[in-house]
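Visitor: Structure, please.
(4 chains)
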There are 2 protein chains.
Amino acid sequence: MSGGYILVVDDEPAICDMIQTCLEMAGFRVRLAANGSLAHQMIINERPDLVLLDWMMPMLSGIELTRRLKRDELTADLPVIMLTARTDEDDRINGLDAGADDYVVKPFSPRELVARVKAVLRRSTTAMSDAPLAAGKIALNREAQTATLNGEALPLGPLEYRLLEFLMLHPNRVFSRSQLLDRVWGGNVYIDERTVDVHIRRLRKNLSPEQQDKMIQTVRGAGYRFSPPEGAEE
Amino acid sequence: MSGGYILVVDDEPAICDMIQTCLEMAGFRVRLAANGSLAHQMIINERPDLVLLDWMMPMLSGIELTRRLKRDELTADLPVIMLTARTDEDDRINGLDAGADDYVVKPFSPRELVARVKAVLRRSTTAMSDAPLAAGKIALNREAQTATLNGEALPLGPLEYRLLEFLMLHPNRVFSRSQLLDRVWGGNVYIDERTVDVHIRRLRKNLSPEQQDKMIQTVRGAGYRFSPPEGAEE
DNA sequence: CATCCTTTTCACAAAAATGTCACAATTAGA
DNA sequence: TCTAATTGTGACATTTTTGTGAAAAGGATG
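Guide: Residues are numbered from 1 along each chain as shown, chains lettered A, B, ... in the order given. Here you go, the predicted model:
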């Protein structure tokens, strides 16, 4: 934990304070931002190691800021943890397909917060940092919401695209069907989990009409995972 | 909701009943315990997926039971949701401090209860499984749910993987077959204990097709144990 | 309202994982 | 050494999970 710092973005001073204390006791350096725009400035000015972001904020909301960060190449790989209030439970997860790496539900125990921060940091430093989202021959154009294979546009439906994008944002990580429903579908509980299978299938088919690349792998009993073919990065 | 069940601990039968109904309608299996000591017994006997715990109880209080659970390695990661009657801030803090994962304030709506249970279950299954785990030449990638030997992925079935993960999580400790059935199989009582043998065998075979490393040792009359080869640990 | 596109559900096929069994091998103790 | 208990082993049947195609259900657009 040498160079960087953790940026905490929340409009409630009490929460900020509490979080700051927790993290500093765990040995992190912390800076605070009271709103999204300010945070955005700070991030551009001096890139933090991680952003802890309240979802509900006046002005530039957490979800919006996340979207913005993830769209910019320079900040796309910046780890983001979202803080969601317990009353937001029903529509809580919507922010996650914006690209957040994890979320913590308030109220949270200090232990949990720190554990999550460490986990996300570990993940992001060791594993991946792929700002322009690409793997193998497949590249995503996040502005246009399209995917290209060797330059050729792939015929993906909206859901297929979101699914692919989400999986590519978290390579090599297994997601259960219910997690995918949460994060790609937006937390609609009333959808049959098997629906995920069907879309995975379509996605696979559209990704490689002829050859079955095994970029999207099935993990029996667990869910699905995206693994970039070989060398792939940046 | 496959193997496990949710343990509801409350001394008021009416509350118990109400909770049980809610959860069962949501598809969970439920068992009841009228007091803390009884609950403790049940937990040790057959591990639940989650414990719903009344804060105020005669004898072994909720907070005390939580502390006790969190102290034992085997039950430390058991998710606990506390039911608290007051809206007192102190209570919540204490509860979270003791290691509870969340709390619900009475009176609560059935929907909230179920939502909270689901949320905690989801969290507990995904979030905490992140520490890198390695011993000898074998390393687990817990996000990807894979085991690698010298970098090569090992062909483990889901159960084999879980078994290995569990054993590696508690190195050098002997587990009886019934303990393993509890922890790895999810407490399904109707399985022949010998089944464990078979899976241990498969795991061993897949771990080292040629040479029998003796990482997984048999302790006659007692069970099995995982011992890391030599120096190894993270 | 008709039509097109997307998404969900359903039924069945295919594949893989799991539990059980019979029997072989090993161990411990008399 | 012999015997009984315990564990290893391979095969097999069953159950569970996933793949697949097509039809139904929504939803937007004109």
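Visitor: show me what contacts residue A:16?
Guide: Counting by Cβ atoms under 8 Å, 6 or more residues apart in numbering or on different chains, residue A:16 touches A:8, A:10, A:32, A:34. Yep, even glycine has a C-beta here, placed from its N, CA and C like the rest.
Visitor: What separation do you get for it and residue A:84?
Guide: 16 Å (Cβ to Cβ, to the nearest Å).
Visitor: do residue A:28 as well
Guide: Taking Cβ to Cβ, one finds residue A:28 at 21 Å from residue A:84.
Visitor: Same question for residue A:225.
Guide: For residue A:225 relative to residue A:84 (Cβ to Cβ), the value is 25 Å.
Visitor: And the two? Which one has more around it.
Guide: The residue with more neighbours, out of residue A:225 and residue A:84, is residue A:84; 24 against 21, by other Cβ atoms under 10 Å in any protein chain shown.
Visitor: How about the contacts made by residue A:61?
Guide: Applying Cβ under 8 Å, 6+ apart, the residues near residue A:61 are A:36, A:55.
Visitor: And the helices in chain A?
Guide: Using DSSP state H, the helices of chain A run over A:13-25, A:36-45, A:62-71, A:110-126, A:158-169, A:177-183, A:194-207.
Visitor: For those, give me JSON lines that also has mean pLDDT.
Guide: Output for those, formatted as JSON lines (pLDDT from 0 to 100):
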{"stretch": "helix A:13-25", "mean pLDDT": "85"}
{"stretch": "helix A:36-45", "mean pLDDT": "88"}
{"stretch": "helix A:62-71", "mean pLDDT": "78"}
{"stretch": "helix A:110-126", "mean pLDDT": "75"}
{"stretch": "helix A:158-169", "mean pLDDT": "90"}
{"stretch": "helix A:177-183", "mean pLDDT": "86"}
{"stretch": "helix A:194-207", "mean pLDDT": "94"}
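Visitor: closest to residue B:108 out of the ones you listed?
Guide: helix A:110-126 (21.3 Å; Cβ to Cβ).
Visitor: what does chain A put close to DNA strand D?
Guide: Chain A comes close to DNA strand D at residues A:194, A:197, A:198, A:200, A:201, A:204, A:218, A:219, A:220, A:221, A:222, A:223, as judged by Cβ under 7 Å from any atom of the strand.
Visitor: one more time with 10 Å
Guide: By the rule Cβ under 10 Å from any atom of the strand, the part of chain A lying against DNA strand D is A:176-177, A:193-202, A:204-205, A:212, A:216-224.
Visitor: can you tell me the residue of chain A closest to DNA strand D?
Guide: residue A:218 (3.7 Å; Cβ to the nearest atom of the strand).
Visitor: Name the nearest residue to that residue, sequence neighbours excluded.
Guide: residue A:224 (6.1 Å; Cβ to Cβ, 6 or more residues apart in numbering or on different chains).
Visitor: Could you count how many residues lie near that neighbour?
Guide: Neighbours of residue A:224 (other Cβ under 10 Å): 22.
Visitor: my read: residue A:80 touches residue A:101, true?
Guide: Yes: Residue A:80 lies in contact with residue A:101 (Cβ atoms under 8 Å); the separation is 5.7 Å.
Visitor: Those two: which is more packed in?
Guide: Legend: neighbour count by other Cβ under 10 Å for residue A:80 and residue A:101, higher for residue A:80 (26 against 22).
Visitor: can you pull the contacts of that one?
Guide: So residue A:80 contacts A:50, A:51, A:53, A:66, A:69, A:70, A:99, A:100, A:101 (Cβ under 8 Å, 6+ apart).
Visitor: In space, what's closest to residue A:161 - neighbours in sequence excluded?
Guide: residue A:145 (5.4 Å).
Visitor: The one you found reaches residue A:157, doesn't it?
Guide: No: with contact defined as Cβ under 8 Å, residue A:145 and residue A:157 do not form a contacting pair (10.6 Å).
Visitor: Let me see the residues that make contact with stretch A:40-54.
Guide: A:3-12, A:15, A:19, A:31, A:33, A:39, A:60, A:62, A:65-66, A:68-69, A:74-75, A:78-83, A:100, A:117, A:120-121, A:124.
Visitor: if we go to 7 Å?
Guide: A:4-11, A:19, A:31, A:33, A:60, A:62, A:65-66, A:68-69, A:75, A:78-83, A:117, A:120-121 (Cβ atoms under 7 Å, 6 or more residues apart in numbering or on different chains).
Visitor: And it, what's buried?
Guide: Using 16 or more other Cβ atoms under 10 Å in any protein chain shown as the test for burial, stretch A:40-54 gives A:40, A:42, A:43, A:48, A:49, A:50, A:51, A:52, A:53, A:54.
Visitor: how far away is residue A:224 from DNA strand C?
Guide: 14 Å (Cβ to the nearest atom of the strand, to the nearest Å).
Visitor: again with residue A:63
Guide: 19 Å.
Visitor: That residue: neighbouring residues, count only.
Guide: Neighbours of residue A:63 (other Cβ under 10 Å): 21.
Visitor: picking up where we left off before, quick check on the residues of chain A next to DNA strand D: which are buried?
Guide: Using 16+ other Cβ under 10 Å, the buried ones in the residues of chain A next to DNA strand D are A:176, A:177, A:196, A:199, A:200, A:204, A:216, A:219, A:222, A:223, A:224.
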